[in-house]
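# below: sequence and its predicted model.
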Amino acid sequence: MAAQGLSVRFGSVVAVDSVSFAVARGEMVAIIGPSGAGKSTLLRAINRLVPISGGRLFGEGSDVTRLKGRALHRWRARAAMIFQQFNLSPRLDALTNVLTGRLIDLPFWRSWTGFFPHRDQLDAMLLLDELGLSEKAFVRVERLSGGQQQRVAIARALMQRPAMILADEPTASLDPRNATVVMQTLRAINRTRGMTTLVNLHDVGLARAFADRIIALRAGRIVFDGTPADLSKTLIASLYAGDEAEAEEAAPRLLETA
Ligand SMILES: Nc1ncnc2c1ncn2[C@@H]1O[C@H](COP(=O)(O)OP(=O)(O)OP(=O)(O)O)[C@@H](O)[C@H]1O
């Protein structure tokens with residue numbers, strides 16, 4: 001996947017400002033930056049959930065900026081999104097939520113009747129098992145913990161048979177222990193399946209612990225693109241300059257020793 005001079009504007013606000021980068025297959029990239037830096041807009045632009053105002057985006061051999069109709073639908077399934085608030089159907093059980101990841105490829109009448117092929121049911125069950133949730137398959141997701149719900153959302157994303165996962169602040173609603181479990185799950189999928197993963201994170205510590213590479217955004221522009229080891233305390237401090245409360249939240253221990 002590659003972005004070349006990618007921009008997203010909302011009226012006079014430039015949320016993503018001529019951003020260029022390429023992500024290799026199987027890479028795990030964390031995108032960090034202060035609130036309003038454009039992290040969410042960038043991931044949504046890759047999935048074409050927000051209109052792209054300028055530049056080019058390439059993925060799976062296509063110019064994604066030009067895709068329409070079925071091809072665009074297909075790209076959206078291949079670039080599977082995971083959200084902070086899970087976006088599950090709370091009253092449905094975990095298995096059914098995972099199965100809805102297949103709706104994208106099923107004929108309309110099947111989604112309408114709620115009938116899923118046996119093969120898909122087996123795949124969904126195997127995914128839940130892989131993510132340590134087989135005993136929760138028939139439990140309504142509203143009764144699961146936040147960490148379990150996010151893992152159901154990850155299983156649903158995998159049911160889309162994606163080429164990449166785009167996770168937008170997947171740990172922001174979770175306590176530190178569950179946040180770590182969710183990041184471990186994303187990392188395990190990245191390693192075992194070679195799944196290309198882009199993950200927006202507020203928490204710089206999690207980004208450093210789990211990503212191969214970190215891209216830092218400030219005011220819609222890339223201000224750092226490198227390995228976690230190369231991300232200096234000075235850069236982290238400048239990233240959050242002017243907002244001590246946010247710096248403290250994003251990188252408490254890292255800045256303490258600066
Ligand atoms: N739909 C929209 N309409 C208008 N402005 C928007 C829209 N979405 C985002 N913006 C603006 O674009 C800029 C980037 O927002 P974005 O949500 O991408 O940042 P972020 O880095 O993800 O922030 P946060 O960490 O707070 O989620 C902000 O100025 C925001 O107000």
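The structure has been received and is ready for your questions.

# can you give me the end-to-end span of stretch 36-53?
18 Å (CA to CA, to the nearest Å).

# average pLDDT across it?
For stretch 36-53, the per-residue pLDDT values average out at 97.

# after the helix or strand of the chain with the lowest mean pLDDT, next one along is what?
Within the chain, no helix or strand scores below helix 108-113, which has a mean of 56 by mean pLDDT, DSSP states H and E. Next helix or strand after helix 108-113 toward the C-terminus (DSSP states H and E): helix 118-130.

# what packs against the following helix or strand past that following helix?
Note on helix 118-130: by DSSP H and E, the next helix or strand toward the C-terminus is helix 146-159. Taking 3 or more CB pairs under 8 Å, 6 or more residues apart in numbering; DSSP states H and E as the contact definition, the neighbouring helices and strands of helix 146-159 are strand 79-83, helix 94-99, helix 118-130, helix 176-193. No exception for glycine: its C-beta is placed from N, CA and C like everyone else's.

# restricting to C-alpha, output the second one in PDB.
Translated: helix 94-99. Presented in PDB, the C-alpha positions along helix 94-99 are these (Å, rounded to 0.1, in the frame of the first residue of the first chain):
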ATOM      1  CA  ALA A  94     -20.200 -13.400  19.200                       C
ATOM      2  CA  LEU A  95     -20.400 -16.000  16.400                       C
ATOM      3  CA  THR A  96     -23.100 -14.100  14.500                       C
ATOM      4  CA  ASN A  97     -21.100 -10.900  14.800                       C
ATOM      5  CA  VAL A  98     -18.100 -12.600  13.400                       C
ATOM      6  CA  LEU A  99     -20.200 -14.100  10.600                       C
END
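
# which residues does residue 217 bridge with?
In this structure, residue 217 has the following beta-bridge partners (DSSP bridges): residue 222.
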